[in-house]
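S.K.: Sequence and computational prediction follow.
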Amino acid sequence: MAYQQYSPITLTNTMTVGLSAAYSEFSGYYNQNGIYTQYYYQNYTDSSFGHYQLSGTPFFRISVLPRFEATAELSLSYYFERYARDSTGYAQNDIQLTLNAIKLGMKFTLIDWFISAGITAAADLPVGVSVLFDGVKKNYDDGMNITGGLLIGFIPKVIPVNLYCNLYANTAAALRDYYIALAAFEWQTSRVAAVTAGIEQKNSWNFSTRQGNYIAYFASFTFTFGDKLELQSRFDKKLTGRTVSDDRQFTLSVFYNL
């Protein structure tokens with residue numbers, strides 16, 4: 001059975017290394033259910049904006065205690081941005097390689113039954129070091145970024161269908177604290193393949209503002225080869241939001257159990 005990140009069930013006596021590579025792009029930002037470009041282009045119909053990014057994430061997961069697992073990830077990204085305005089011939093390109101953060105996480109299974117439950121916690125340790133053509137800079141918005149989660153799963157085990165309903169709470173800075181509600185459906189199509197689809201909604205704890213809120217969906221396909229190798233492809237798309245980019249992202253991941 002493939003590993004499921006949304007499941008409250010942890011694996012036992014495993015050590016896994018992996019690598020995820022993602023391509024993402026966006027061409028504007030949501031505002032009151034409409035799309036607009038960067039703020040200094042909003043009044044121009046002949047302007048364009050595009051952001052194209054490649055990300056890589058080395059991954060390590062270990063589970064040597066019953067019902068407990070620990071993870072570590074390293075977030076790297078390379079992006080290309082282009083701004084252009086046809087009437088003036090103005091164009092600007094930005095290219096940047098960034099070491100974003102080191103992420104440490106854990107998951108603990110509380111109940112392993114038809115209806116299962118677990119908790120998760122993670123801390124992002126910001127690095128924010130970027131390499132540009134004109135030098136190196138260090139820039140990050142917050143100190144330590146902490147996320148906690150409650151994972152609920154309906155896992156019959158007698159049929160190949162599982163349902164997940166999770167809630168994650170994040171704290172970083174006063175105006176950026178938020179929570180994410182997620183619902184996912186998993187179908188184990190065979191002993192070697194699984195399909196997962198779901199929707200998530202992000203909302204700020206500060207109910208007086210909707211900045212940064214969004215609704216997105218995702219779908220993934222996971223293939224396992226024996227007990228050692230897992231391959232996963234995933235697509236994410238934001239549907240709507242407020243001052244967030246209209247992201248589209250495709251991710252390919254490979255995991256190997258040592």
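M.R.: That came through, no problem. All figures in this text were calculated on a predicted structure; none of them were measured in a lab. Numbering: from 1, shown residues only.
S.K.: buried set for the lengthiest strand in the chain?
M.R.: Ranked by residue count, the top strand of the chain under DSSP state E comes out as strand 90-111. Going by neighbour count (16 or more other Cβ atoms under 10 Å), the buried part of strand 90-111 is 98-101, 103, 105, 107-109. Any C-beta I mention is one placed from the backbone N, CA and C, and that applies to glycine too.
S.K.: what's the distance between it and the middle of its chain?
M.R.: In terms of Cα atoms, centre = their mean, to the nearest Å, the centre of strand 90-111 is found 8 Å from the chain centre.
S.K.: Quick one: mean pLDDT for the helix or strand following it?
M.R.: The helix or strand immediately downstream of strand 90-111 is strand 115-132, counting by DSSP states H and E. Averaging pLDDT along strand 115-132 yields 82.
S.K.: same thing with stretch 20-35?
M.R.: For stretch 20-35, mean pLDDT is 85.
S.K.: Could you export that stretch as CSV, CA atoms only?
M.R.: Extracted as CSV, the C-alpha positions of stretch 20-35 are listed here (Å, rounded to 0.1, in the frame of the first residue of the first chain):
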residue,chain,number,x,y,z
SER,A,20,10.3,15.9,-5.3
ALA,A,21,10.6,18.1,-8.4
ALA,A,22,7.8,20.6,-9.2
TYR,A,23,7.1,23.0,-12.0
SER,A,24,4.7,25.8,-11.2
GLU,A,25,3.5,28.9,-13.0
PHE,A,26,1.1,31.8,-12.5
SER,A,27,0.2,34.9,-14.6
GLY,A,28,-1.8,37.0,-12.2
TYR,A,29,-3.5,37.4,-8.9
TYR,A,30,-7.0,36.8,-7.7
ASN,A,31,-9.0,39.8,-6.5
GLN,A,32,-12.7,39.6,-5.8
ASN,A,33,-12.9,36.5,-8.1
GLY,A,34,-11.1,38.3,-10.9
ILE,A,35,-7.5,38.1,-12.1
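S.K.: Show me which positions of it end up buried.
M.R.: By neighbour count on 16+ other Cβ under 10 Å, the buried set for stretch 20-35 is 20, 22, 24-26, 28-30.
S.K.: Make TSV from these and add secondary structure and distance to residue 231 to it.
M.R.: Formatted as TSV, these follow (DSSP: H, G, I helix; E, B strand; the rest coil; distance: Cβ to Cβ, whole Å):
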residue	secondary structure	distance to residue 231
20	strand	11
22	strand	15
24	strand	20
25	strand	23
26	strand	26
28	coil	32
29	strand	33
30	strand	32
